[in-house]
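Got a sequence here, can you model it:
(chains A and B, ligands or ions: 1)
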Amino acid sequence: MNFDLSEEQRLLKDSVERLMLDSYSFGDRRKYQTEKRGFSEAMWARYAELGLLALPFAEEHGGFGGGAVETMIVMEAFGKALILEPYFATVVLAGGLLRLGASEAQKAELIPLIAEGRTKLAFAYAEPQSRYDLVDVETRAKRDGDGWILNGSKDLVLHGDAADKIIVSARTAGDTRENDGVGLFLVDADAPGLTRRGYPTQDGLRAADITLERVRVETANVIGDPAGAFPVISRVADEAVAALCAEAVGSFTQMQAITLDYLKTREQFGKKIGSFQVLQHRAVDMFVDLEQSRSMAIYAAIMAVESDASERERAVSAAKVQIGRSAKAIGQQSIQLHGGIGMTMEHSVGHYFKHVTMLDTLFGDAEHHLRRLAALGGLSGDQRME
Amino acid sequence: MDLAFTKEERAFREEVRQFLRDNVLPEIRRKLAEGRKLAKDEIAAGARILNKRGVPTWPKEYGGAGWTLVQQYIFEEEVRAFPAQLTFGMGESLVGPVIYTFGSEVQKKYYLPRIANAEDWWCQGFSEPGAGSDLASLKTRAVRNGDRYVVDGQKIWTSGAQYADWIFCLVRTDPDVKKQQGISFLLIDLKTPGVTVRPIRLIDGDHVVNEVFFDSVRVPIENLVGEENKGWGYAKYLLGNERFGDAGVGISKERIRLAKELAERACVRGARLIDQTAFREKVAAVEVQLKALEITQLRVVASASKQQKGTQDPASSILKLRGSEVEQASAELLMDAAGPYALRDLSQEEREGRNEPPVGAYGAARSAPTYFYSRAASIYSGSSEIQKNIIAKAILGL
Ligand SMILES: Cc1cc2nc3c(=O)[nH]c(=O)nc-3n(C[C@H](O)[C@H](O)[C@H](O)COP(=O)(O)OP(=O)(O)OC[C@H]3O[C@@H](n4cnc5c(N)ncnc54)[C@H](O)[C@@H]3O)c2cc1C
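This next block holds a predicted model:
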């Protein structure tokens, strides 16, 4: 057993934390948010320079060959700083689909573009009716000569308005909610027939709703088997959940630190409020949640690459349950212990609270994952089946 | 023992319903039903209508309707169900009772009718940056100078100051005595030179609270309520009304209703979310808490007429404490029902009148801000920790 980082992993952690410390204060973030796309292009370039955009890709495609632990390190640092850039959308989601589903030719073309920071991607999976169900796909792709024609609506596409290319899940066969018959299609954001409506998300990031009306996709831009992409989607979703867990732990860490600091400085009744026992116990509860979450984020990172789908899904769902519950517990307490100031846009703690609340809703909230875990027989498996 | 209202009370309810049908403007009703906010003049117009027969919560002699607490309770329920807007804010609910209980005859004659007719909008200037839970440590100074007080200092978290005409303030008039004994209760016209109101945006994106700065603000001594340096007592009376009155039952009911409505439309693997056992159990659990709260409130209301003057049913002390918890639990139900659709922030588009999403999506998009704002319920008018401290000491004798 070993929970230590390797030398290289420590270097990675130091360099990304250093970058955040130097260039991502709460004030910096506020400035970046007012930029045209709602995040900092300059920071995006810095991520490219540092190799963060190349991190999870294979070396032969210009990547660094990092695994889930490396992604965890980066996402945790990003969660601490509450970054606005589309790293999750481009590198984790779309990058994951390419890594696990694309042909050699596609990887050779696209991964260097991502790694160098020249192309941003998004993954359009959700639909108005789909809620948390990734296989609930009504968007249709129909054969048309040597290509495909896409029709449908995609909702809540993270950073969909900043993406140059969008990977769309669409049904080539089968009924809604059938595992077979889902394909992945790479579409240019300015393709004829594609319209986007961008908007801010509740935590100050960006997303878009996308309509596809007779959008044509060449065969070369189909990722993997046009009727058999669901296993890839579900693996990427599990990796994505692990990444979100790490991001949340970064945010929790920061919320806990900010709150602790406040307890040690704010005075009422002539005393530091941290001297009131009821608040001390609350701070301890937050600490317990933080450490339990950290453990589950590590568990998710290690299990996210597990090839046995059922093992992987159980572990990832378990982690997301912990993270969702802790997002509520830590989020609510950190506001409460700040009193009025915690409720304001001026103070950072409320922004963390909003972000972790949204992390809970991405790729399934705690309730959703609890149901999935229970349906799979819980973490120890269904006794009757063994 | 009987949970049903008496025949007279039921007749009163019918009468209120008829009154609302006859008087409330249809556009106000529609706006409220759609969960939209009213403009200040709409609220004022609405208050004038509802106060036609006197301010519901005030005694007759001061321009009130002179209703019993049970009648007030029924009135509030009907107003919420209709829906019509509830009151003209802190004038009616907070400062009015202080003025008719502790104010001079001149003050009663001048201020009370103006509140009842919705001419003056009031806000509450109690909290300061350094004086939140420890309210008595407030520092805003009022120095007597002839027939004036000169006020210097700062208030914060002042709800509605951007609309208000007047602010009722706690100010320090004697810095040399025990902190509770040097405080006075002063009424200040916000148009007086030297007053500055600055907005604070909250995490739900809304502008509710403000900072209010006083820079050599000259206030006539006639604006002092009661006696100088006795303000803490009046404030305690006011806070008692604020903290022990409102359990927010109506707010929680409305949130639960909305959550169920969203869940009826929400689809999980082809089935409706509302049909899922886990979701139903969660809703039911909050409904249990809410029912217990509602009956507790009814017990308090029913016993009020039998209490000795100046005393309160001890159970009344749990209403705000528990009420804020249930409000928060019902806001969490909204988040559960909205799921991923809570992610969109459409407030900008709404403000600009550009949004045309279906009702369901609109409701879903309001879920997150409602959840975020609900966290304030256990902070304002005395945080839950402070409520518990007070109850432990005053009620349980610990
Ligand atoms: C939305 C909103 C609207 C408001 N509207 C108004 C208004 O109109 N007018 C007005 O005057 N004020 C208003 N307030 C202010 C409100 O009353 C204060 O925020 C509240 O009293 C808490 O004070 P504080 O914010 O300074 O927090 P603090 O008092 O600094 O409290 C910080 C934390 O310490 C805890 N704490 C403090 N003392 C103790 C103790 N002895 N034991 C245990 N825990 C303790 C608190 O419970 C809290 O968790 C509003 C606040 C909000 C959020």
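
and A:Leu134, how many residues sit next to it?
17 (other CB atoms under 10 Å in any protein chain shown). Where C-beta positions appear, they are placed from N, C-alpha and C, glycine not excepted.

helix/strand/coil for it?
On the three-state scheme (DSSP: H, G, I helix; E, B strand; the rest coil), A:Leu134 is labelled coil.

OK, contacts around the residue in the stretch 51-200 of chain A that chain B sits nearest to?
Proximity of the stretch 51-200 of chain A to chain B (CB to the nearest CB) peaks at A:Pro200, 4.5 Å away. Listed by CB atoms under 8 Å, 6 or more residues apart in numbering or on different chains, the contact set of A:Pro200 reads A:Gly38, A:Arg206, A:Ala207, B:Asp345, B:Gln348.

Which parts of the stretch 101-250 of chain A are strands?
Ranges of strands within the stretch 101-250 of chain A are A:121-124, A:140-144, A:147-158, A:165-171, A:182-188, A:194-200, A:206-218, A:222-223, based on DSSP state E, counting those that start in this stretch.

How far away from the center of its chain is the second one?
What it means is strand A:140-144. Centre-to-centre, strand A:140-144 and its host chain are 29 Å apart (CA atoms, centre = their mean, to the nearest Å).

Which secondary structure element is home to the nearest residue to A:Gly381 once chain neighbours are set aside?
The shortest distance from A:Gly381 to any non-neighbouring residue, by CB to CB, 6 or more residues apart in numbering or on different chains, is to A:Arg314 (7.9 Å). In this structure, A:Arg314 sits in helix A:309-338 according to DSSP states H and E.

quick one, the following helix or strand past that helix and strand A:147-158 angle?
For helix A:309-338, the following helix or strand on the C-terminal side (DSSP H and E) is helix A:348-361. Helix A:348-361 runs at 140 degrees relative to strand A:147-158, counting by axes from the mean of the first three to the mean of the last three CA atoms, to 10 degrees.

how about the strands of the stretch 101-250 of chain A, which one is nearest B:Arg29?
Among the strands of the stretch 101-250 of chain A, the nearest to B:Arg29 by CB to CB is strand A:194-200 (30.1 Å).

average pLDDT for stretch A:151-166?
Per-residue pLDDT over stretch A:151-166 has a mean of 97.

Quick one: distance of the strand or helix carrying B:Val283 to the chain centre.
In the assignment (DSSP H and E), B:Val283 maps to helix B:277-304. Relative to its parent chain, helix B:277-304 has a centroid offset of 20 Å by CA atoms, centre = their mean.

Which strands and helices lie in contact with that helix?
Counting contacts by 3 or more CB pairs under 8 Å, 6 or more residues apart in numbering or on different chains; DSSP states H and E, helix B:277-304 is packed against helix A:366-375, helix B:69-81, helix B:249-265, helix B:318-338.

what about chain A, any weak spots by pLDDT?
Chain A contains residues with pLDDT under 70 at A:382-386.

The ligand contacts on that one?
For chain A, the contact set with the ligand under CB under 6 Å from any ligand atom comprises A:Arg266, A:Gln268, A:Phe269, A:Ile273, A:Phe276, A:Val278, A:Leu279, A:Gln336, A:Leu337, A:Gly339, A:Gly340, A:Met343.

In these, find the pair that's most separated.
Spatially, the most separated pair among those is A:Phe269 and A:Met343, at 21.2 Å (CB to CB).

With neighbour numbers in mind, choose between those two.
A:Met343 (28 against 12).

Look up how far B:Asp147 lies from that one.
The gap separating A:Met343 from B:Asp147 is 40 Å, by CB to CB, to the nearest Å.

A:Gly228 pairs with what?
Beta-bridge pairing of A:Gly228 under DSSP bridges involves A:Val182.

How about the contacts made by it?
A:Asp180, A:Val182, A:Gly183.

Among those residues, find me the one that's closest to the ligand.
A:Val182 (46.1 Å; CB to the nearest ligand atom).

so that closest one sits right up against A:Thr176, yeah?
No: at 10.2 Å, A:Val182 does not count as touching A:Thr176 under the criterion of CB atoms under 8 Å.

hmm, back to that, just the buried residues of the helix holding A:Arg314, please?
By 16 or more other CB atoms under 10 Å in any protein chain shown, the buried positions in helix A:309-338 come out as A:312-338.

and the angle for it with helix A:366-375?
150 degrees.

those strands in chain B, which residues are they?
B:122-125, B:141-145, B:148-156, B:166-172, B:183-189, B:195-201, B:207-220, B:224-225, B:267-268, B:271-272 (DSSP state E).

Mind telling me which of these the model trusts least?
Here the lowest mean pLDDT among the strands of chain B goes to strand B:267-268, at a mean of 84.

Quick one: residues in contact with it.
So strand B:267-268 is contacted by A:Gln129, A:Arg131, A:Tyr132, A:Asp133, B:Leu273, B:Gln276 (CB under 8 Å, 6+ apart).

ok, and the most crowded of the residues you listed?
Of those, with other CB under 10 Å as the count, B:Leu273 tops at 23 neighbours.

give the contact list for it.
With CB under 8 Å, 6+ apart, B:Leu273 has these contacts: A:Arg131, B:Leu262, B:Ala263, B:Glu264, B:Ala266, B:Cys267, B:Phe279, B:Ala337, B:Gly339.

out of these, which are buried?
Looks like those have A:Arg131, B:Leu262, B:Ala263, B:Ala266, B:Phe279, B:Ala337, B:Gly339 buried, using 16+ other CB under 10 Å.

quick one: which of those is nearest B:Ile379?
B:Ala337 (24.8 Å).

From B:Leu258, how far out is the closest one?
8 Å.

Please apply the same query to A:His159.
30 Å.

between the two, who's got more neighbours?
Between A:His159 and B:Leu258, A:His159 has the larger neighbour count (other CB under 10 Å), namely 29 against 22.

burial of the closest residue to the more buried one other than its chain neighbours, as a residue count?
Of all residues not flanking A:His159 in the chain, A:Pro86 sits nearest, at 3.6 Å (CB to CB, 6+ apart). When neighbours are counted by other CB under 10 Å, A:Pro86 registers 26.

Over to A:Thr176?
Neighbours around A:Thr176, by other CB under 10 Å: 16.

winner for burial among the helices and strands packed on helix B:277-304?
With neighbours taken as mean count of other CB atoms under 10 Å in any protein chain shown, those reach their highest mean count in helix B:318-338, at a mean of 23.

Which other helices and strands does that one contact?
helix B:231-245, helix B:249-265, helix B:277-304, helix B:359-374, helix B:384-390.

repeat that with 10 Å
Packing partners of helix B:318-338 (3 or more CB pairs under 10 Å, 6 or more residues apart in numbering or on different chains; DSSP states H and E): helix A:309-338, helix A:348-361, helix A:366-375, helix B:231-245, helix B:249-265, helix B:277-304, helix B:359-374, helix B:384-390.

Within range of chain B, give me the residues from the stretch 51-200 of chain A.
A:126, A:128-133, A:135-136, A:155-156, A:158, A:176-177, A:197, A:199-200 (CB under 10 Å from any CB of the partner chain).

on that earlier part again, can you list the helices and strands packed on helix B:277-304 in a markdown table and add distance to A:Val92?
Shown next, in a markdown table, are these (distance: least, CB to CB, whole Å):
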| stretch | distance to A:Val92 |
| --- | --- |
| helix A:366-375 | 18 |
| helix B:69-81 | 46 |
| helix B:249-265 | 29 |
| helix B:318-338 | 24 |
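
Return the distance of the helix holding A:Arg314 from the chain's centre.
Worked out by CA atoms, centre = their mean, helix A:309-338 lies 14 Å from the chain centre.

Which helix in chain A has the most residues?
helix A:230-265 (DSSP state H).

ok, then the element right after that one?
Assigned by DSSP H and E, the successor of helix A:230-265 is strand A:267-268.

What strands flank that following strand, and is each parallel or antiparallel?
Strand A:267-268 has these strand partners (DSSP bridges): strand A:271-272 (antiparallel).
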